[in-house]
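Asker: What would the 3D arrangement of this be:
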Amino acid sequence: MLSLSACGNDEASPLPNPAPVVGGLPPIASNTGFEIARLADGPHMGIIVGFDDLSQGPFDRQMRSAALLDEAASSGASISRIQLDWPELETQPGQSEAAPLAEALETARQRGQLVFVTLSTLDSDGLTLPEDLLDGDGKLRDGLSLASPEVLERFQRFLDWMVPLLGPDVWALSMGNEVDSPIADGLVPAGDALVFYQAGARRIKAIDPDLATTVTLTIGAPSTVPDFAAQLNDSLDVATVNHYCLDAELQIAGQSQWERDVQIMKDMARGRPIMIQELGCPVSYAGDPAAFASRTGTMNGSQDLQAEYFAFFDRLYAEDPQFRAATVFQLFDWSPELAEMFGDFVRAEGEPLAGDRLEEWLATVGTCRWSDGTCRPAWDVWLASLSRQSQIRAQMAD
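Answerer: Below is the predicted model:
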């Protein structure tokens, strides 16, 4: 296990003085092949456990998740993923705390896997910037934009602090999650976001040339913000996207839709290697009646379809070298309480059907059940996929 020399205490540490924001930085790296500096040739996958508190009963979910993650690692899972918001680390202007980053990395490193880090600055539901840069409504305060010198300098100073702490087993850093959603909604101008992420990418490469730069988009980005998506990925080392077996109405789609989505991902990647940050497929309430006997939903999934989804991506990753990595979303279903809470957010905005489907999606998205920890057929399909990927990597290394 690698250690972080600067991550050992909880005291806030000052950020380093910034280098010039505009000039003096190397050009953004152009990756026209599918190589990634810290990732061995071949396909790589991992899985996230979820966002719930695993200490809840009625069984020991922590022990169960550890056993399942061990099984995945022994089958060939080679990467893990962590996600943190910028203000979780920079808790006061110019002051950052290393402990949350160190703890997240320590957990991700337990099984010797390479780590993909998502640093949220812009997320699907809005800005995730330090509080002093925002007004009371979650927008940038008056006079600021993502392209303002004050914001650019703050972010680059933060990267000066964060990037050296990551270590050589962190292979990529995404600077935002599903950033096209708030841009398409008009919260942030696309041009400002492009300046922000291009400046961040340059700074990362100046600090650590081997750390792959990326920003996570949704599969809808080429439709909603096509120019932004193209120019953004032209500026990055890896094209990262989230993908689910869902259509625009949050209804579960089949293989013909997945095949169309694959071509969309390849087109939006602009010749870059592709990372699927969130790869998942809910089974729906009707698809697992034993686990959800008391629930009635509107989605049309099944356990067989979920297994077919992972088999489809198994074939894709074995056959198409552009698809380099993915992390499955997720090990366990969301708990009913957490899924309901997220559904309520959408229902409160006057979209009851979308809220209901979001709740059903999250409550049934696991490869294993929240209720008792037993796994669905997709789990065994994915384990077999990991074994094949391990064999492919070994063959390519010879």
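Asker: quick one, helices of the stretch 151-300 of the chain?
Answerer: With DSSP state H, counting those that start in this stretch as the criterion, the stretch 151-300 of the chain has helices at 180-184, 190-207, 221-224, 226-234, 255-269.
Asker: Reformat those as CSV; add distance to residue 287, mean pLDDT and mean neighbour count.
Answerer: Any C-beta I mention is one placed from the backbone N, CA and C, and that applies to glycine too. Below are the helices of the stretch 151-300 of the chain laid out as CSV (distance: least, CB to CB, whole Å; pLDDT from 0 to 100; neighbours: other CB atoms under 10 Å):
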stretch, distance to residue 287, mean pLDDT, mean neighbour count
helix 180-184, 27, 97, 22
helix 190-207, 37, 98, 21
helix 221-224, 28, 97, 18
helix 226-234, 32, 97, 19
helix 255-269, 16, 97, 15
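Asker: These: which one's closest to residue 329?
Answerer: helix 255-269 (15.2 Å; CB to CB).
Asker: which other residues reach that closest one?
Answerer: Outside helix 255-269, the residues that touch it by CB atoms under 8 Å, 6 or more residues apart in numbering are 217, 219, 221-222, 229-230, 233, 239, 241, 243, 245, 247, 274, 276, 308-309, 312, 316, 322.
Asker: so where's the chain uncertain?
Answerer: 1-33 (pLDDT under 70).
Asker: What residue spans form the domains of it?
Answerer: 56-76+251-398, 79-237 (automatic domain parsing).
Asker: residues contacting the residue nearest to residue 231 when sequence neighbours are not counted?
Answerer: Among residues not flanking residue 231 along the chain, residue 194 sits closest, at 5.7 Å (CB to CB, 6 or more residues apart in numbering). Going by CB under 8 Å, 6+ apart, residue 194 touches 228, 231-232, 235.
Asker: residues in contact with residue 370?
Answerer: 52, 332-336, 363.
Asker: can you list those residues in TSV and add secondary structure?
Answerer: Listed next are those as TSV, based on DSSP: H, G, I helix; E, B strand; the rest coil:
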residue	secondary structure
52	coil
332	strand
333	coil
334	coil
335	coil
336	helix
363	helix
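Asker: Restrict those to the buried ones and give me that as a ChimeraX selection.
Answerer: Provided next is the ChimeraX selection string for whichever of the contacts of residue 370 are buried by 16 or more other CB atoms under 10 Å:
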select :52,332,333,334,335,363
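Asker: buried set for the top helix by length along the chain?
Answerer: As assigned by DSSP state H, the longest helix anywhere in the chain is helix 377-397. Neighbour-count burial for helix 377-397 flags 377-379, 381-383, 385-386, 388-390, 392-393 (criterion: 16+ other CB under 10 Å).
Asker: now stretch 280-298
Answerer: For stretch 280-298, a neighbour-count test (16+ other CB under 10 Å) marks 280-288, 291-292, 295, 297 as buried.
Asker: Please tell me how far it is from the chain's geometric centre.
Answerer: Distance, stretch centre to chain centre, for stretch 280-298: 25 Å (CA atoms, centre = their mean, to the nearest Å).
Asker: Quick one: end-to-end distance for it.
Answerer: End-to-end span of stretch 280-298 (CA to CA, to the nearest Å): 18 Å.
Asker: which other residues reach it?
Answerer: Defining contact as CB under 8 Å, 6+ apart, one finds that stretch 280-298 is touched by 243-246, 252, 299-303, 305-306, 309-310, 328-330, 353, 356-357, 360-365, 369, 371-372, 376, 378.
Asker: which of those count as buried?
Answerer: Of these, these count as buried by 16+ other CB under 10 Å: 243-246, 252, 299, 301-303, 305-306, 309-310, 328-330, 356-357, 360-365, 369, 371, 376, 378.
Asker: And the residue nearest the centre of the chain, how far from residue 111?
Answerer: Ranked by distance to the mean C-alpha position of the chain (CA atoms, centre = their mean), the top residue is residue 277 at 4.0 Å. Residue 277 sits at a distance of 19 Å from residue 111 (criterion: CB to CB, to the nearest Å).
Asker: One more: residue 262?
Answerer: From residue 262 across to residue 111, the span is 29 Å (CB to CB).
Asker: Strands along the stretch 101-250 of the chain, start to end?
Answerer: 114-120, 122-123, 126-127, 170-174, 212-214, 216-218, 239-244 (DSSP state E, counting those that start in this stretch).
Asker: List every C-alpha atom in stretch 115-126, with coordinates, as CSV.
Answerer: Backbone C-alpha positions of stretch 115-126 (Å, rounded to 0.1, in the frame of the first residue of the first chain) are rendered in CSV as follows:
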residue,chain,number,x,y,z
VAL,A,115,-7.5,4.2,-8.7
PHE,A,116,-9.7,6.5,-10.7
VAL,A,117,-10.5,9.7,-8.9
THR,A,118,-13.5,11.9,-9.6
LEU,A,119,-13.2,15.4,-8.2
SER,A,120,-16.6,17.0,-8.5
THR,A,121,-16.6,20.7,-9.4
LEU,A,122,-19.7,20.6,-11.4
ASP,A,123,-22.2,17.7,-11.0
SER,A,124,-25.4,16.6,-12.6
ASP,A,125,-27.4,18.8,-10.2
GLY,A,126,-25.2,21.9,-10.1
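Asker: Ramachandran coordinates for residue 225?
Answerer: The phi and psi values for residue 225, taken as degrees, to the nearest 10, are phi -140, psi 60.
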